[in-house]
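Trainee: A structural model of the following input is requested.
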Amino acid sequence: MVGIIYSSYYRKPSGGKKGNKPSKQTFHNTECFVSQDVVIASVKEILEHVFIDCGYRLMTSYLNRGGYTINHKKHYRIMKEEGLLKLDNRIDGNDSGRKFVKFRKVHTDRPLDCLEMDIKMVWIPSVGKNAYLISVIDVRTRRILKDYFSFNIKRNDVIALLSELFEDYDYPESVVIRSDNGSPFISRKVREYLGVIAVQQEFTHIATP
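Mentor: Numbers count the residues shown, from 1 in each chain. As a prediction, the model looks like this:
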């Protein structure tokens with residue numbers, strides 16, 4: 001009668017946010033409807049993968065591939081509520097105190113002057129999944145000083161590998177070790193460990209192999 005649009009008023013004021021309440025359950029192909037805690041656990045399990053550090057859109061694709069029926073908007077809300085959108089909230093490391101390389105090419109005067117480490121994927125046909133090989137190379141001699149092969153590589157594995165390496169070579173002085181920005185390398189525990197044994201750590205710039 002007064003010309004007010006129907007969608008602009010309600011019989012009873014809700015006192016809260018307008019619209020439907022977000023659902024707390026998500027459909028899964030094999031487990032039917034699961035709680036939000038199950039979805040969060042799946043997200044964290046994917047993020048534990050050493051080579052996966054993605055945003056909510058790509059993570060939505062991983063979940064859909066894993067049997068979930070979920071769109072990117074709902075998944076964004078879930079990751080935001082759990083503080084999983086920002087890298088600093090997912091990995092125990094940050095840019096503060098991280099030293100990036102000045103020159104891509106390394107000049108060395110002696111062995112054990114500069115070391116480089118990286119992780120490579122190796123497909124294992126008998127198991128049907130990738131394993132990971134972390135290798136530490138001496139830039140001067142181009143010799144692989146130490147490597148570690150496993151289906152899962154965490155920061156503690158990196159610390160154990162480097163500890164054995166420096167023990168084998170009697171903890172040489174003035175060593176610089178360079179790596180990319182993989183999650184096991186930028187971990188605060190790894191950086192603190194190298195600081196304790198007086199090994200300088202350098203990182204290549206992000207998106208720069």
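
Trainee: List the buried residues of stretch 147-155.
Mentor: 148, 153, 154, 155 (16 or more other C-beta atoms under 10 Å). Every C-beta, even on glycine, is put in place using the N, C-alpha and C of the backbone.

Trainee: would you list those in CSV and tack on distance to residue 118, pLDDT and secondary structure?
Mentor: CSV is the format used below for those (distance: C-beta to C-beta, whole Å; pLDDT from 0 to 100; DSSP: H, G, I helix; E, B strand; the rest coil):
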residue, distance to residue 118, pLDDT, secondary structure
148, 12, 96, strand
153, 11, 89, coil
154, 16, 89, coil
155, 15, 90, helix
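
Trainee: Show me which pair in the residues you listed is furthest apart.
Mentor: The span of those, defined through C-beta to C-beta, is set by 148 and 155 at 12.6 Å.

Trainee: Out of the buried residues of stretch 147-155, the closest to residue 169 would be?
Mentor: residue 148 (16.2 Å).

Trainee: ok, what's across the strand from that closest one?
Mentor: Beta bridges link residue 148 to residue 134 when assigned by DSSP bridges.

Trainee: tell me which element residue 33 falls in.
Mentor: According to DSSP states H and E, residue 33 maps onto strand 32-35.

Trainee: which residues are contacting the next helix or strand along the chain from that strand?
Mentor: Remark: after strand 32-35, the chain's next helix or strand is helix 36-47, criterion DSSP H and E. Applying C-beta atoms under 8 Å, 6 or more residues apart in numbering, the contact partners of helix 36-47 are 24-26, 28, 31, 52-53, 59, 62-63, 66, 68, 70, 75, 78-79, 82, 84, 90.

Trainee: For PyMOL, write the selection for the buried entries among those.
Mentor: Buried residues among the contacts of helix 36-47 (16+ other C-beta under 10 Å), as a PyMOL selection:
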select buried, resi 26+28+59+62+63+68+70+75+78+79+82+84+90
